[in-house]
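Asks: Here is the input, now give the coordinates:
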Amino acid sequence: MAFVLRAIRRLAAALRGHFARTASCLAVLTLTAISISSCTATSVLTPQPRAEVGGQPSTLARNARGLQRLIPSNPFMAGYPRVDFSSRSSGAAMPAAEVECRQRLRRLGVTWRDLAPINDGGSCRIDYPVQVTSLAGSVEMKPAATLSCEMAATFAEWTRNELQSAARWRYFSGVRTINQGSSYSCRRIAGSSTPSQHSRGNALDVMSFTLRNGRDIDVAKPGWFAFRERGLLNNVRSGGCNYFSTVLGPGYNAAHADHFHFDIQDRNGRVACR
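Replies: Below you'll find the model as predicted:
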């Protein structure tokens with residue numbers, strides 16, 4: 001009888017241990033299920049916005065949608081430059097005519113640099129502008145002139161063949177500086193709605209020349225007894241008609257009383273020299 005009682009007590013103890021372990025496992029499984037149920041796809045995939053000062057999520061984080069919630073913007077990308085496909089690509093091939101024109105500039109001894117395309121709206125644009133700082137013979141352009149390449153090359157040829165030779169013949173001195181008053185400028189012809197050739201970089205206004213002997217030659221109409229100066233200006237002005245389609249200067253009108261205006265406007269072969 002005593003043996004039976006001891007066996008019953010051992011069985012009861014074993015059953016109590018088994019039930020305790022089973023209850024513990026059930027508790028663990030229950031807690032795990034609760035934890036899993038709280039982990040939705042949204043809470044796993046969506047990074048939670050960092051709170052601003054004061055503990056509230058930022059307005060941007062609260063209003064984020066779609067991929068912006070899934071992958072918030074990297075603050076280090078905020079200043080990354082946006083690609084502007086409307087402007088000329090730096091890798092785009094330059095037209096053959098522009099390449100050939102720049103070869104002309106090199107042969108003529110022009111010092112220049114390419115500029116970014118200019119587009120101020122309407123007719124005010126140069127697709128492939130150049131900035132000229134000096135011409136053959138170390139003739140300084142002051143200030144540097146922003147022009148189309150064709151205008152720059154034409155002016156360089158006129159300077160070498162007409163201006164320099166006339167200065168040496170009249171004053172036994174070369175030209176050191178050309179003082180220009182206007183190259184590219186977004187404007188219309190005075191008193192009209194017609195775009196000026198300056199707005200295309202096809203025109204240049206010359207105010208005066210400085211010779212290497214230090215003498216200044218002002219384009220404004222010289223006095224009656226300034227024979228050499230008058231002769232020089234008349235020579236270079238008439239010589240310009242062989243290079244430019246338009247040459248205007250003192251005597252044409254009040255607007256051109258103090259400078260020469262040269263441009264390469266397409267006039268179907270006609271030349272306006274006045």
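
Asks: what helix or strand is Y252 on?
Replies: Element membership for Y252, per DSSP states H and E: none, as it lies in no helix or strand.

Asks: show me what contacts it?
Replies: R274 (C-beta atoms under 8 Å, 6 or more residues apart in numbering). Yep, even glycine has a C-beta here, placed from its N, CA and C like the rest.

Asks: Quick check, pLDDT for it.
Replies: Looking at Y252, its pLDDT reads 90.

Asks: For it, give its distance to Q180.
Replies: Here Y252 is placed at a distance of 18 Å from Q180 (C-beta to C-beta, to the nearest Å).

Asks: Strands along the stretch 51-200 of the chain, start to end?
Replies: 111-114, 118-119, 125-126, 129-135, 139-148, 175-182 (DSSP state E, counting those that start in this stretch).

Asks: Switch the ones you listed over to CSV; also include mean pLDDT and mean neighbour count.
Replies: What follows is the strands of the stretch 51-200 of the chain, written out as CSV (pLDDT from 0 to 100; neighbours: other C-beta atoms under 10 Å):
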stretch, mean pLDDT, mean neighbour count
strand 111-114, 97, 16
strand 118-119, 96, 16
strand 125-126, 96, 19
strand 129-135, 98, 21
strand 139-148, 98, 21
strand 175-182, 97, 19
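
Asks: Of the ones you listed, which is nearest S192?
Replies: In terms of C-beta to C-beta, the element of these nearest to S192 is strand 175-182, at 16.9 Å.

Asks: ok, and what's touching that closest one?
Replies: With C-beta under 8 Å, 6+ apart as the test, strand 175-182 has contacts from 135, 137-143, 145, 159, 163-164, 167, 198, 203-212, 259.

Asks: what's the answer for stretch 184-198, then?
Replies: Residues external to stretch 184-198 that are found in contact with it (C-beta under 8 Å, 6+ apart): 118, 120-124, 126, 129, 145-147, 182-183, 199, 201, 203, 205, 246, 255, 263-265.

Asks: With only the CA atoms kept, save it in PDB.
Replies: Only the C-alpha atoms of stretch 184-198 are listed here, as PDB (Å, rounded to 0.1, in the frame of the first residue of the first chain):
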ATOM      1  CA  TYR A 184      26.300  91.900 -78.000                       C
ATOM      2  CA  SER A 185      23.300  93.900 -76.600                       C
ATOM      3  CA  CYS A 186      19.700  92.900 -76.500                       C
ATOM      4  CA  ARG A 187      18.000  95.900 -78.100                       C
ATOM      5  CA  ARG A 188      16.200  97.200 -81.100                       C
ATOM      6  CA  ILE A 189      17.200  99.700 -83.700                       C
ATOM      7  CA  ALA A 190      16.500 103.100 -82.300                       C
ATOM      8  CA  GLY A 191      13.000 104.400 -83.200                       C
ATOM      9  CA  SER A 192      11.800 101.100 -84.600                       C
ATOM     10  CA  SER A 193      10.600  97.600 -83.600                       C
ATOM     11  CA  THR A 194      13.400  95.900 -85.700                       C
ATOM     12  CA  PRO A 195      15.900  93.900 -83.700                       C
ATOM     13  CA  SER A 196      19.400  95.400 -83.800                       C
ATOM     14  CA  GLN A 197      22.200  93.200 -85.200                       C
ATOM     15  CA  HIS A 198      23.800  93.700 -81.800                       C
END
